[in-house]
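Student: Let me see the structure of the following:
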Amino acid sequence: MSGLLYCLPLTSTWLQGADPGDKERLDDGKTVLLFQAGVAYASQDLHVTLISRRPLSRMPHSVHGMIRPEAAGNLNTLTFLYMSNVSDLLEYCASVHTRSVTPDILIVDDLDFYLNQLIEPSPEAGCAKLCALLVDTLHFIRQKSPHGALLLGCTPQHKLWSHIFSHFKFTAAELAVLDRPGQLYSVSISTGRVQLSLTYQVKTEGVVMKEVNASKAVS
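Tutor: This next block holds a predicted model:
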């Protein structure tokens with residue numbers, strides 16, 4: 001839940017954007033939100049490692065109300081690692097304790113891309129193996145840093161993935177399309193104590209939050 005504070009301006013009074021821009025097709029904001037989190041964490045001099053399967057084709061949009069990359073300094077503590085094979089991700093997690101700099105924050109985008117490569121002995125076993133290694137990596141990070149956090153971006157493609165994620169106590173923020181032509185999306189998250197839902201719009205000038213609703217979770 002706390003990771004959302006680094007993605008979206010939940011503590012800001014600014015929740016409205018400019019007039020709608022053109023309807024150029026943009027991504028659904030998943031990578032945008034993870035990148036924004038990386039920038040926000042790095043602006044606090046925390047070491048952030050952001051792993052993705054390929055280099056970004058362009059600078060992701062900023063989230064209105066959040067710190068922009070150009071205002072966050074040199075971002076020397078934000079490191080991008082590009083891994084096109086799940087074996088590279090597994091090796092990174094297994095060897096994180098040997099690295100000269102341990103990240104405070106580990107962000108993995110497109111987790112489903114890596115999970116889809118783990119099909120032996122079964123997709124479920126592969127998912128559990130990678131999740132367990134990520135949890136172990138987070139445990140090591142938290143031994144080194146009180147700020148340790150793990151953020152994952154994933155498009156679930158197998159029903160059992162969500163079950164395995166919950167088994168490892170991953171807190172899921174679910175993104176859904178409300179109006180694709182209008183680039184309007186929703187995020188819902190529940191921690192067991194709080195239920196939070198919000199809507200945001202991806203525009204050519206950035207990501208704009210539209211509405212936020214929070215309530216106590218129903219027992």
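Student: quick one, what contacts residue 88?
Tutor: Taking CB atoms under 8 Å, 6 or more residues apart in numbering as the contact definition, residue 88 lies against nothing. All C-beta spots, glycine's among them, are computed from the backbone N, C-alpha and C.
Student: For it, give its distance to residue 63.
Tutor: Noted for residue 88: a distance of 29 Å to residue 63, by CB to CB, to the nearest Å.
Student: Please apply the same query to residue 200.
Tutor: Counting by CB to CB - residue 200 and residue 63 are separated by 8 Å.
Student: Equivalent analysis for residue 147, please.
Tutor: Distance from residue 147 to residue 63, by CB to CB: 20 Å.
Student: now swap in residue 57 and tell me
Tutor: For residue 57, the distance to residue 63 - CB to CB - is 19 Å.
Student: Equivalent analysis for residue 167, please.
Tutor: From residue 167 to residue 63 the distance is 31 Å (CB to CB).
Student: Residue 135 too?
Tutor: 28 Å.
Student: again with residue 210
Tutor: Residue 210 is 12 Å from residue 63, by CB to CB.
Student: Please enumerate the shared neighbours of the two.
Tutor: residue 200.
Student: Neighbour count: these two, which is higher?
Tutor: Neighbour count, other CB atoms under 10 Å: between residue 210 and residue 63, residue 63 has more, with 26 against 15.
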